Every structure is written in structure tokens, then in C-alpha cells.
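Participant: A predicted structure for the sequence below; I have some questions about it.
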Amino acid sequence: MGASAAKRIEPGFHQEAIEKMPREELEALQLHRLAATVDVVKQNVPAFSERLAKVDTPTSLDGIRDIPFTKKTDLRDNYPFGLFAVPRHEVKRVHASSGTTGKPTVVGYTAEDLTMWAQCVARCLRGAGIEPGWMLHNAYGYGLFTGGLGLHAGAEEAGISVVPVSGGNTERQLMLIEDFAPESICCTPSYALTLAEHLPGENSLQVGVLGAEPWSELMREQIEEKLSMIAVNIYGLSEVIGPGVACETADRQGLVVMEDHFYPEVVHPETGEVLDDGEVGVLVLTSLTKQAFPILRYWTGDLCSLTREPSPCGRTHARISSIVGRSDDMIVIRGVNVYPSQVEHALLGVDLAAPHFRLVVTREGTLDNLTVEVEPVEGAGTVDDIGARLSGSVSDALRSSLGIGVAVTVAEPGSLPRSEGGKLSRVDDRRTL
């Protein structure tokens, strides 16, 4: 039974009056909070005082464009607490990014920040259709990563019971899902597919709230079909607050931004010019209420579009599209921009291909080469039997999608990396080895 045959899930509300606030009132609130945040950063974050010295307190929302962008390098240059706006004794919790090189990016929260964060996540979970009294299997990692504790607090705020299983140990995860029969799950989409390889299609799950990595509509369809639940996209990043910045509702018509707390812009990746609604560019976010670590015009690197049309469920806050890629994840192969999400989309349209792949980038002299490693679906046959046919089908699909020819190799089933609950890296860049 696919998701289309499952129970109809309706979006709910956690703070309905705020979530349906008229745009005029919402924008007046945003301006008030933006002006206050700019003043706080000027006064309490010495590292940014000089940068903002010539920036006037905004008198309209367009005034935000006078504020310089904040980038991840700013956090690293001021490691660990140089961008905090309150004394350290007022910081009730610290999280850090899951960066793979160098120092992590560190963020902090006051008690009020933690309350606000939980309320935002509660809105996300209720909007996704998860009901108070349901059980949530939380397979996001706990610890410095914001995912586990962020979803946990939001679920409790919404009256949802939590199984704090964290990431990894897939065998135990499967046992707990079968034994505890939770109605909902939070994890990365790639890990949902890992679980789907072993979990029966007839199971207790009705809603999955999935995020922390880009994923395609075809991947959503596979997850929904295999797990017989609806799959809802959640978005966040530690530099802004963590999960809960935006989330799809159960109608899955774009990710609703918690606009009373986070002001969204979409800008040109090269010029930084603010783009019109509907145009794809880099998402830039400004926190409007954070106390410990307010952030102005944070350059997320995530590529998406924005609309301010009301949601079908009546929410008035802006919506972003699903993330189509990252400006810093782009691979340039013979002058063509290639994103892992493009490869995933093409691959999921090939009948014999499993939804697991890896991009291997190598260099011969001055020429970069891309090899896409794929697997056959379980039961399709051995690599010796179907390898050539699968390789040809994938090559054709990628040529159509990317506009260039790439090498394709077919690996043994189960040999490519699987998610164990955290973010899954799809790119093996061997050019620097």
C-alpha cells in the first residue's frame, strides 16, 4: 500500500493565530524585531560593530538589503563564542555544526531561545499532521548536532511522546519501530530509505518528517511507497537555530518559514542581488528574536525559491521550495554545473537502479572526470547479468539530465555507503588526494 492509499493526513496547528497572522501584521512585527536585532548586534557583538557602523536601523523591510551578509567563515573566524550577544553565563546550551574539517561552527541559546525553538518545531510537527498523543521515533543524532534535541523538545512542546533512539544501530531501530508501533518518525531521507529496505510496508508509521539533506520528489515517492506513509520535508541549520526554520505541512506545497522569527530572502549566487519570488537563488536568513546568537543575513548556500502566497491550509507565512542543491556542493565538470540532487533525480527514474549512488571526481592533468557509481535494485539480478544494461540506462538518463556524458560503474548490491542516521555524503572528491 503506497502513501496515496494510506489514511488522509490533515495539517494541524500549534500556534494558529500566529501561523495565520495577516501579512500586513506579520511584516510590521518583522520590521519591529529586525530593528531591535540590528541594534542588539551593534551594541553587543564587538566583532560586527565596525561592519554595521554605517548601517542605519531599518525603517522598512527593504532596509535589510543594506546589511552585509554573514557567512560561515565569520563564525569560524570568531570561534568559539565571539558572535554571542549575551554573557556566557546566560547561555543555557551550546550546539555545534557537524563540519568535517577544522573547528566546528558554534551556536548558543538562552532559555528564551530554547523555548522559541521548541515552539517552532512544534508548529512543524503539528503542521505535518502529527497529533498530540502520537509517538515519534526520533532517529536524528543527539549531542552537538541540533537535530536530535531540537526535534525532541519540539515534540514534547506539541504533546507528542518521543522515542529518543538517535542515529545508527539500524537493527535496533527496526526492532523498536516494530515493537513500539510509533505513528511518526524523524530522520534523514537517505536513512528512511535504509530503514525501508528492511521494514515491512505494512507498519505503524503514518508521517515521516525528514530533512538535513536535499532530496528529490522521486525519492519522496519511493519512501512513501515503501513505508506507506507521507514524507514531509523539514529544513533548518544550526547557524540559524537548527531544525524548525521551515517545514512542509501535510499538503506538501512548499516549506513554511517561521517568519515571525526568521526573515527569508533569496539572492543571486554571484551578485548577492535580492531575487523576485519564484526565482531560484541562495537562501539568506535573518533571525528576528534570537538572544544568545542573533544572526543577520546568513548566507546558507542552499538553493531554492520563495513564495509569499498563502498556503492551502491557511498559513500566511512565506514558503520556500525544496532545496535543489547547494552552491558550495556544485561540481563543475567540463564547464557544466552538476549537483548531486540532479543525479539523484535522474537515477530514481531508472527502473533497475537502487536509490544509492556515489559521485567520484578525479583529475587527469587539467581535466576533471566524473564517475557515477550505482547499484541494481534488490532481486534485479547479478552485476554480471545486468551491469551493462543498467550502466547504459543510467548513462542515458544522466546525459539527458546533465547534458554531458559521464562514466557509470555498477557496484554490488549493498556495497555503496548507506546513511546511519546522519547526513550522507554523496561526493568522493579524489582530486586533492
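Facilitator: Alright, I've got the coordinates. No experiment lies behind these values; they were computed from the predicted model shown.
Participant: ignoring the adjacent residues along the chain, who's closest to residue 57?
Facilitator: Spatial nearest neighbour of residue 57, chain neighbours left out: residue 35 (5.0 Å); criterion: Cβ to Cβ, 6 or more residues apart in numbering. No exception for glycine: its C-beta is placed from N, CA and C like everyone else's.
Participant: distance of that neighbour from residue 377?
Facilitator: Using Cβ to Cβ, to the nearest Å, one obtains 55 Å as the distance from residue 35 to residue 377.
Participant: related to what we said a few turns ago, what's the neighbour count on the residue nearest to residue 57?
Facilitator: Number of residues near residue 35 (other Cβ atoms under 10 Å) recorded here: 16.
Participant: surely it is in contact with residue 58?
Facilitator: Yes: under the criterion of Cβ atoms under 8 Å, residue 35 is in contact with residue 58, at a separation of 5.4 Å.
Participant: name the residues that touch the longest helix seen in the chain?
Facilitator: When the chain is parsed with DSSP state H, its longest helix is helix 23-44. For helix 23-44, the surrounding residues in contact (Cβ atoms under 8 Å, 6 or more residues apart in numbering) are 21, 48-49, 52-53, 55, 57-61, 63-64, 67, 85-86, 259-260, 263, 286-290, 294, 296, 308, 316-317.
Participant: next SSE after it?
Facilitator: Scanning forward in sequence from helix 23-44 by DSSP states H and E, the next helix or strand is helix 46-49.
Participant: quick one: list the elements packing against that following helix.
Facilitator: Counting contacts by 3 or more Cβ pairs under 8 Å, 6 or more residues apart in numbering; DSSP states H and E, helix 46-49 is packed against helix 23-44.
Participant: same question for the helix it packs on, mean pLDDT?
Facilitator: In this model, helix 23-44 has a mean pLDDT of 98.
Participant: output that helix in CSV with nothing but the alpha carbons.
Facilitator: Once non-C-alpha atoms are left out, helix 23-44 reads as follows in CSV (Å, rounded to 0.1, in the frame of the first residue of the first chain):
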residue,chain,number,x,y,z
ARG,A,23,0.7,39.6,6.1
GLU,A,24,0.4,43.3,7.0
GLU,A,25,0.6,42.5,10.7
LEU,A,26,3.3,39.9,10.2
GLU,A,27,5.5,42.3,8.2
ALA,A,28,5.0,45.1,10.9
LEU,A,29,6.1,42.6,13.5
GLN,A,30,9.1,41.6,11.4
LEU,A,31,10.3,45.2,11.0
HIS,A,32,10.0,45.9,14.7
ARG,A,33,12.0,42.8,15.6
LEU,A,34,14.6,43.4,12.8
ALA,A,35,15.3,46.9,14.0
ALA,A,36,15.7,45.6,17.6
THR,A,37,18.1,42.8,16.4
VAL,A,38,20.3,45.2,14.4
ASP,A,39,20.6,47.4,17.5
VAL,A,40,21.5,44.4,19.7
VAL,A,41,24.2,43.2,17.3
LYS,A,42,25.7,46.7,17.0
GLN,A,43,25.9,47.1,20.8
ASN,A,44,26.7,43.6,22.0
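Participant: stretch 67-85 - what's its average pLDDT?
Facilitator: The model assigns stretch 67-85 a mean pLDDT of 95.
Participant: that stretch: end-to-end distance?
Facilitator: Across its full length, stretch 67-85 reaches 17 Å end to end, with Cα to Cα, to the nearest Å as the criterion.
Participant: go on, stretch 58-71?
Facilitator: One end of stretch 58-71 sits 21 Å from the other (Cα to Cα).
Participant: what are the buried residues along it?
Facilitator: Of the residues in stretch 58-71, those with enough neighbours to count as buried (16 or more other Cβ atoms under 10 Å) are 58, 63, 64, 67, 70.
Participant: shaky segments in this protein?
Facilitator: Judged by pLDDT under 70, the chain has its weakly predicted residues at 1-7, 98-102, 328-330, 332, 334-335, 337, 365-367, 419-423, 432-433.
Participant: now the helices for it?
Facilitator: For the chain, the helices defined by DSSP H occupy 16-19, 23-44, 46-49, 72-77, 111-127, 146-157, 170-180, 189-196, 217-227, 340-347, 383-402.
Participant: pull the residues that contact the third one.
Facilitator: Applying Cβ under 8 Å, 6+ apart, the set of residues contacting helix 46-49 from outside is 41, 42, 43, 74, 77, 78, 82, 83, 296.
Participant: follow-up on the earlier one: how near is the residue nearest to residue 57 to residue 42?
Facilitator: Relative to residue 42, residue 35 is positioned 11 Å away (Cβ to Cβ).
Participant: hmm, back to that, and the contacts of helix 46-49 as TSV, adding distance to residue 138 and neighbour count?
Facilitator: As requested, those are arranged in TSV below (distance: Cβ to Cβ, whole Å; neighbours: other Cβ atoms under 10 Å):
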residue	distance to residue 138	neighbour count
41	33	23
42	38	18
43	38	11
74	31	20
77	34	11
78	32	17
82	32	15
83	29	25
296	31	23
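Participant: list just the nearest of these to residue 404.
Facilitator: When those are ranked by distance to residue 404 (Cβ to Cβ), residue 74 comes first, at 35.5 Å.
Participant: list the contacts of the closest residue to that closest one other than its chain neighbours.
Facilitator: In this structure, residue 74 finds its nearest non-sequential neighbour in residue 83, 7.0 Å apart by Cβ to Cβ, 6+ apart. When contacts are counted by Cβ under 8 Å, 6+ apart, residue 83 is found next to 45, 47, 48, 74, 75, 293, 295.
Participant: try it again at 7 Å.
Facilitator: Taking Cβ atoms under 7 Å, 6 or more residues apart in numbering as the contact definition, residue 83 lies against 45, 47, 75, 293.
Participant: which one of those is nearest to residue 429?
Facilitator: residue 75 (23.3 Å).
Participant: what is the burial count for that closest one?
Facilitator: Burial of residue 75 is recorded as 25 neighbouring residues (other Cβ under 10 Å).
Participant: with adjacent residues omitted, what lies nearest to it?
Facilitator: Going by Cβ to Cβ, 6+ apart, residue 75 has residue 105 as its nearest residue, at 4.1 Å.
Participant: okay, the helices of the chain in JSON lines with distance to residue 418 next?
Facilitator: Formatted as JSON lines, the entries for the helices of the chain read as follows, by distance: least, Cβ to Cβ, whole Å:
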{"stretch": "helix 16-19", "distance to residue 418": "36"}
{"stretch": "helix 23-44", "distance to residue 418": "41"}
{"stretch": "helix 46-49", "distance to residue 418": "41"}
{"stretch": "helix 72-77", "distance to residue 418": "28"}
{"stretch": "helix 111-127", "distance to residue 418": "26"}
{"stretch": "helix 146-157", "distance to residue 418": "18"}
{"stretch": "helix 170-180", "distance to residue 418": "8"}
{"stretch": "helix 189-196", "distance to residue 418": "5"}
{"stretch": "helix 217-227", "distance to residue 418": "14"}
{"stretch": "helix 340-347", "distance to residue 418": "15"}
{"stretch": "helix 383-402", "distance to residue 418": "18"}
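Participant: no more questions from me, cheers.
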